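**Student:** sequence first, then the predicted structure, then my questions.
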2 protein chains.
Amino acid sequence: MDRHVLPVPLEKALRLINHGPTVLVSASHDGVDNVMAASWVCGLDFAPPKLSAVLASTSKTRELAERSGHFAIQVPTVRQAQLVHAVGNTSGHDAPEKLKRCGVELFRLDGVPAPLVSGCAAWLACRLIPDAHLRDRYDLFAAEVTAAWADDRVFRDGHWQFETADAGWRSLHYIAGGHFYATGDLVAVAETEED
Amino acid sequence: MDRHVLPVPLEKALRLINHGPTVLVSASHDGVDNVMAASWVCGLDFAPPKLSAVLASTSKTRELAERSGHFAIQVPTVRQAQLVHAVGNTSGHDAPEKLKRCGVELFRLDGVPAPLVSGCAAWLACRLIPDAHLRDRYDLFAAEVTAAWADDRVFRDGHWQFETADAGWRSLHYIAGGHFYATGDLVAVAETEED
């Protein structure tokens, strides 16, 4: 494992996605890996940490996630904007060579069924919570976060360090077409006594 | 209505929240208004546009939304960071004077049951989709967006204009405690032929 990839305690794992970044979803089954981009992923519960993800029924990554019962959510960076856009606009069904063509490099961690995308800022290993109602009515999947990691150059001591890290580490926030916004300046509000 | 508050076509309404901003949720029932802050709100479907929102069972705003069948989602700005933090840390159950103390001013639009928070960048009027399974298992609510508006100083012609608007108009992205990040720089990826 890259020496910069450090575990994040589960109770702080949702801080990795609370700011609403566009994420990559990865899954693997029976030797086949795939990765998709997703904007509609967000926190669902704190303890144990859970998140929800909308995964279109046509997506190859969803098929692999359902078959294996696992996916990983990762937080890509500004440097990876072209990669994110590319995997978001190519289906794994159509393009078995998709990952290579999109410049995606994968790595694996012991005990994590889903492959992980190199170069991201953070990774959350997730186990699907079986729920046919969510899936059939909304293409929605609930998952429990079982482990999380972040690159210590941009997330340390339980906090994002965007304001001091190189600007290339900032997260992406998707709008439409090829347009994203980067994560911007820190806004700190004074905690008042009654908080 | 403020002359800067212009309708957003429904097919573009989800662009108002696709970038993952922290939002305010408002609702009204039987003459009682309330507003809460929420990070776990995101898109759910395109046509008709739907979104999902996690609303804790202890929240007064959730009670008003369930009773009326409606809520509004609004996108607050960096200028409102203190307000967002304040409404996120006070319950409407405990503090009937909450809105005044937090500096929240409300306005109303014809045909919209939920009150709207003045000074935000965008507003989405939503009708709850009754679903006891979502609510009871996850504190999750699905809602259809029935109308949307944005302030034309920061969203025009179907696009956010953060890069040219005053920095005070940027959205907030919550992390934890009193910490948010503002929406940052535009990242535009070239569309390739195969897109």
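**Tutor:** On my side now, so go ahead.
**Student:** so what's the residue of chain A found nearest chain B up against?
**Tutor:** Nearest residue of chain A to chain B: A:Gly20, at 1.5 Å (Cβ to the nearest Cβ). (Each C-beta comes from the backbone N, C-alpha and C, glycine too.) Counting by Cβ atoms under 8 Å, 6 or more residues apart in numbering or on different chains, A:Gly20 makes contact with A:42, A:173, B:19-22, B:39, B:42, B:173.
**Student:** ok, A:Ala81 next?
**Tutor:** A:Ala81 neighbours (Cβ under 8 Å, 6+ apart): A:172, A:180, B:187, B:189.
**Student:** same check, this time on A:Val189
**Tutor:** So A:Val189 contacts B:81-82, B:84-85, B:178-180 (Cβ under 8 Å, 6+ apart).
**Student:** now the residues you listed as JSON lines including secondary structure, distance to B:Pro48 and pLDDT?
**Tutor:** Formatted as JSON lines, the contacts of A:Val189 follow (DSSP: H, G, I helix; E, B strand; the rest coil; distance: Cβ to Cβ, whole Å; pLDDT from 0 to 100):
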{"residue": "B:Ala81", "secondary structure": "helix", "distance to B:Pro48": "32", "pLDDT": "97"}
{"residue": "B:Gln82", "secondary structure": "helix", "distance to B:Pro48": "35", "pLDDT": "97"}
{"residue": "B:Val84", "secondary structure": "helix", "distance to B:Pro48": "28", "pLDDT": "97"}
{"residue": "B:His85", "secondary structure": "helix", "distance to B:Pro48": "33", "pLDDT": "96"}
{"residue": "B:Gly178", "secondary structure": "coil", "distance to B:Pro48": "36", "pLDDT": "92"}
{"residue": "B:His179", "secondary structure": "strand", "distance to B:Pro48": "35", "pLDDT": "94"}
{"residue": "B:Phe180", "secondary structure": "strand", "distance to B:Pro48": "30", "pLDDT": "97"}
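**Student:** out of the helices and strands in chain A, which is least certain?
**Tutor:** Ranked by mean pLDDT, DSSP states H and E, the weakest helix or strand in chain A is helix A:98-101, scoring a mean of 92.
**Student:** burial count for the closest residue to A:Trp160 other than its chain neighbours?
**Tutor:** Distance criterion Cβ to Cβ, 6 or more residues apart in numbering or on different chains; nearest residue to A:Trp160, sequence neighbours excluded, is B:Ile175 at 6.2 Å. When neighbours are counted by other Cβ atoms under 10 Å in any protein chain shown, B:Ile175 registers 23.
**Student:** can you tell me the SS state at B:Ile175?
**Tutor:** Counting by DSSP: H, G, I helix; E, B strand; the rest coil, the backbone at B:Ile175 sits in strand.
**Student:** again, but for A:Asp136
**Tutor:** Secondary structure, three-state DSSP: A:Asp136 is helix.
**Student:** measure how buried it is and give me the count.
**Tutor:** 10.
**Student:** contacts for stretch A:152-168?
**Tutor:** A:4-6, A:8-9, A:12, A:15-16, A:19, A:77-79, A:121-122, A:150, A:169-171, A:182-183, A:185-186, B:175-176, B:179, B:181.
**Student:** narrow those residues to those in strands?
**Tutor:** Under the assignment DSSP state E, the contacts of stretch A:152-168 contribute A:5-6, A:122, A:150, A:182-183, A:185-186, B:175-176, B:179, B:181 to strands.
**Student:** tell me the one of those residues nearest A:Phe46?
**Tutor:** Closest approach to A:Phe46 among the ones in strands among the contacts of stretch A:152-168 (Cβ to Cβ): B:Ala176, at 11.1 Å.
**Student:** quick check: bridge partners of the closest one?
**Tutor:** Judged by DSSP bridges, the bridge partners of B:Ala176 are B:His179.
**Student:** just for chain A, where's the confidence low?
**Tutor:** Chain A contains residues with pLDDT under 70 at A:1, A:95, A:192-195.
**Student:** next one: A:Ala27 from A:Asp152, what distance?
**Tutor:** 26 Å (Cβ to Cβ, to the nearest Å).
**Student:** neighbour count winner among those two?
**Tutor:** A:Ala27 (30 against 16).
**Student:** the more buried one reaches A:Asn34, doesn't it?
**Tutor:** Yes. Checked against Cβ atoms under 8 Å, the pair A:Ala27 and A:Asn34 is within contact range at 6.3 Å.
**Student:** what's the overlap in contacts for the two?
**Tutor:** A:61, A:64.
**Student:** what's the neighbour count on A:Cys42?
**Tutor:** Neighbours of A:Cys42 using other Cβ under 10 Å come to 24.
**Student:** need the phi and psi values for it.
**Tutor:** phi -150, psi 170 (degrees, to the nearest 10).
**Student:** pipe the contacts of A:Val189 into JSON lines and attach distance to B:Glu63 per row.
**Tutor:** Below are the contacts of A:Val189 laid out as JSON lines (distance: Cβ to Cβ, whole Å):
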{"residue": "B:Ala81", "distance to B:Glu63": "26"}
{"residue": "B:Gln82", "distance to B:Glu63": "25"}
{"residue": "B:Val84", "distance to B:Glu63": "21"}
{"residue": "B:His85", "distance to B:Glu63": "22"}
{"residue": "B:Gly178", "distance to B:Glu63": "26"}
{"residue": "B:His179", "distance to B:Glu63": "29"}
{"residue": "B:Phe180", "distance to B:Glu63": "27"}
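**Student:** excluding sequence neighbours, find me the nearest residue to A:Ala53.
**Tutor:** Distance criterion Cβ to Cβ, 6+ apart; nearest residue to A:Ala53, sequence neighbours excluded, is A:Val41 at 4.4 Å.
**Student:** the one you found contacts A:Leu51, correct?
**Tutor:** Yes. The criterion here is Cβ under 8 Å, and A:Val41 meets it with A:Leu51 at 6.2 Å.
**Student:** quick one: which of those two has more around it?
**Tutor:** A:Val41 (26 against 23).
**Student:** mind checking how far that one is from B:Leu44?
**Tutor:** As judged by Cβ to Cβ, A:Val41 and B:Leu44 stand 12 Å apart.
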